[in-house]
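>>> How does the following fold in three dimensions:
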Amino acid sequence: MEQLINYLLQFGQLNQKQIDLIETRASEKLLSKNEYFSEAGKIARQIAFVKEGVLMICYYNNKGEETVHHFICEDHFVVDLESFNHKILSMIYIRAVTDCKLITFTFEDWHELATTIIDWNAIVNKITVKTLLDKVHMVQPMVMLDAKTKYLNFLKNFPNLANRIPLIYLASYLGITPTSLSRIRRNIR
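Presented below is the predicted three-dimensional model:
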């Protein structure tokens with residue numbers, strides 16, 4: 001729980017009573033590799049802080065092919081925010097790439113934190129803005145780059161993820177075939 005509290009404190013102040021409330025509303029959850037945290041066609045009922053492991057946001061096209069949108073690792077929140085906040089059906093899948101340890105909150109517990117802790121919404125807004133900016137900085141350069149440069153940028157920006165993600169998911173994220181990625185990796189060595 002300390003990991004979550006330290007993360008939250010980067011975005012605002014919390015007193016001990018507020019920290020205690022957060023800890024009473026949180027639950028620890030283990031998610032096995034390939035298990036879904038959230039699925040398309042269902043309402044997202046929980047938000048999670050990733051304590052350990054890697055998850056991916058993905059979807060399936062009309063041919064049934066899986067496309068990886070991005071990865072979420074330790075010290076980040078994961079949720080389909082629109083589905084969670086508005087109780088609408090999700091359009092994405094959130095699946096564990098590795099075994100994961102999560103700290104989860106139900107919608108009701110999250111809402112209670114928002115109505116009880118004065119600065120909670122400000123903290124959440126700062127986290128949301130940071131997350132969105134991180135995504136923009138991650139995705140924007142990828143559009144114009146060749147496959148090799150995309151892979152090298154991924155290695156530079158996410159050195160701790162490269163060996164934790166199966167080749168097929170990394171290739172999907174980079175928008176290339178697994179064969180192309182294998183060739184690129186072989187030529188870099």
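
>>> now the helices for this structure?
Under the criterion DSSP state H, the chain contains helices at 2-9, 16-25, 81-86, 107-116, 120-139, 147-157, 167-174, 178-188.

>>> closest one to Lys33 among those helices?
Among the helices of the chain, helix 167-174 comes nearest to Lys33, with 11.5 Å by C-beta to C-beta. (C-beta placed from N, C-alpha, C; glycine too.)

>>> So what's the gap between stretch 49-56 and the chain middle?
Offset of stretch 49-56 from its chain centre (C-alpha atoms, centre = their mean, to the nearest Å): 7 Å.

>>> ugh, typo on my part, it should be stretch 174-186
On C-alpha atoms, centre = their mean, the centre of stretch 174-186 falls 23 Å from the chain's centre.

>>> For the residue most central in space within the chain, give me the pLDDT.
In the chain, the residue lying closest to the centroid (C-alpha atoms, centre = their mean) is Ile72, at 3.0 Å. Turning to Ile72, the model gives it a pLDDT of 92.

>>> wait, what's in contact with it?
By C-beta atoms under 8 Å, 6 or more residues apart in numbering, Ile72 lies in contact with 50, 54-57, 78, 94.

>>> so where is this protein shaky, pLDDT-wise?
For the chain, applying pLDDT under 70 flags the ranges 138-143.

>>> measure the most far-flung residue of it relative to its centre to Ile165 for me?
Most distant residue from the mean C-alpha position of the chain: Asn187, 30.3 Å away (C-alpha atoms, centre = their mean). To Ile165, Asn187 is 20 Å away according to C-beta to C-beta, to the nearest Å.

>>> Same check on His137?
In terms of C-beta to C-beta, His137 sits 19 Å off from Ile165.

>>> Show me which of those two is the more surrounded one.
The residue with more neighbours, out of His137 and Ile165, is Ile165; 21 against 10, by other C-beta atoms under 10 Å.

>>> Which residues are in contact with the more buried one?
54, 56, 71, 97, 173.

>>> Just confirm the fourth one contacts Ser32, I think it does.
Think Val97. No - the criterion here is C-beta atoms under 8 Å, and Val97 misses it with Ser32 at 11.1 Å.

>>> any shared contact partners between the two?
Joint contacts of Val97 and Ser32 (C-beta under 8 Å, 6+ apart) do not exist.

>>> Can you pick out the residue with more neighbours from these two?
Val97 (22 against 10).

>>> Please name the nearest non-neighbouring residue to the more buried one.
Of all residues not flanking Val97 in the chain, Val54 sits nearest, at 4.3 Å (C-beta to C-beta, 6 or more residues apart in numbering).
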